[in-house]
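**Q** Mind looking at a prediction? Sequence and model below.
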Amino acid sequence: MKTMVSPSLLSANFIDLKSDIEMINKSEADWLHLDVMDGVFVPNISFGFPVIEAVSKMCTKPLDVHFMIQHPENYIEQTAKLGAMMMNVHYEACTHLHRTIQQIHAAGMKAGVTLNPSTPVCVLEDIICDVDMVLLMSVNPGFGGQKFIENTIKKIGRLRQLIKESGSQALIEVDGGVQAETAPRLVKAGVDVLVSGSYVFKSTDPYATIHALKELH
């Protein structure tokens, strides 16, 4: 299976978002990654439902929505109505994670769980067979353009082992510092989906950059 690529809208040009969405539509990108931040769970505010709604009307790729917010369970129905394919919630933000995953599935979406860099994969032992994807943050969430955290490579190995031993079908996604040097190592370690922001959107040829990421195996 070719590596899947989910460019992060956070690094797009918000003055000319239409052009960047058209680029994504024409590219080999599999999904579009949307980072929703509330300024409480993470020290930054990004965008909310008005932007997601506008993007959903134009983007032909599945929406991979990543909620970096407190109480993401309050927005499940609203996210589903906008046609999101994947709703990703943080383990650290959900008191009743199993219930939230059930609610996401009941709303017709796939359920992803995100782990911060300091959260070990072992916390997912009792939930791994219920999720469709695990997103490992390879930077501290809240800002784009951060340096890649090296421990992520070992963490991917531990998660891959947990998925194998449990019989889970969960995909592994990584977000943060994904570029020319880190991407091949991530794929070799067992990542299925690469989230890449500035590396794609700031590229002189984003089509070629996405293609190169897709060709990694």
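**A** Received, thanks. Numbers count the residues shown, from 1 in each chain.
**Q** where does the chain have low pLDDT?
**A** Filtered on pLDDT under 70, the chain yields the residue ranges 143-145.
**Q** So in it, which helix runs the longest?
**A** As assigned by DSSP state H, the longest helix anywhere in the chain is helix 152-166.
**Q** List the buried residues in that helix.
**A** Thr152, Ile153, Lys155, Ile156, Leu159, Arg160, Leu162, Ile163 (16 or more other CB atoms under 10 Å). Every C-beta, even on glycine, is put in place using the N, C-alpha and C of the backbone.
**Q** Tally up the residues packed near Glu215, please.
**A** 11 (other CB atoms under 10 Å).
**Q** With Ile172 as the reference, measure out to it.
**A** 18 Å (CB to CB, to the nearest Å).
**Q** Do you have the helices of the protein handy? List them.
**A** 17-26, 49-58, 76-81, 97-106, 152-166, 182-189, 198-201, 206-214.
**Q** would you turn those helices into JSON lines with distance to Asp126?
**A** Compiled in JSON lines, the helices of the chain are given as follows (distance: least, CB to CB, whole Å):
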{"stretch": "helix 17-26", "distance to Asp126": "36"}
{"stretch": "helix 49-58", "distance to Asp126": "31"}
{"stretch": "helix 76-81", "distance to Asp126": "21"}
{"stretch": "helix 97-106", "distance to Asp126": "8"}
{"stretch": "helix 152-166", "distance to Asp126": "10"}
{"stretch": "helix 182-189", "distance to Asp126": "24"}
{"stretch": "helix 198-201", "distance to Asp126": "35"}
{"stretch": "helix 206-214", "distance to Asp126": "33"}
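**Q** winner for burial among those?
**A** Highest mean neighbour count among those (mean count of other CB atoms under 10 Å): helix 198-201, with a mean of 22.
**Q** who's in contact with that helix?
**A** 5, 7-8, 11-13, 20, 29, 144-145, 178-180, 206, 209-210, 213 (CB atoms under 8 Å, 6 or more residues apart in numbering).
**Q** Can you name the residues that contact the closest residue to Ser196 other than its chain neighbours?
**A** Beyond its immediate neighbours in the sequence, the residue positioned closest to Ser196 (CB to CB, 6 or more residues apart in numbering) is Val178, lying 4.2 Å away. Going by CB under 8 Å, 6+ apart, Val178 touches Ser138, Phe148, Leu186, Leu194, Val195, Ser196, Gly197, Tyr199, Leu213.
**Q** Since that was my last question, I'll sign off now.
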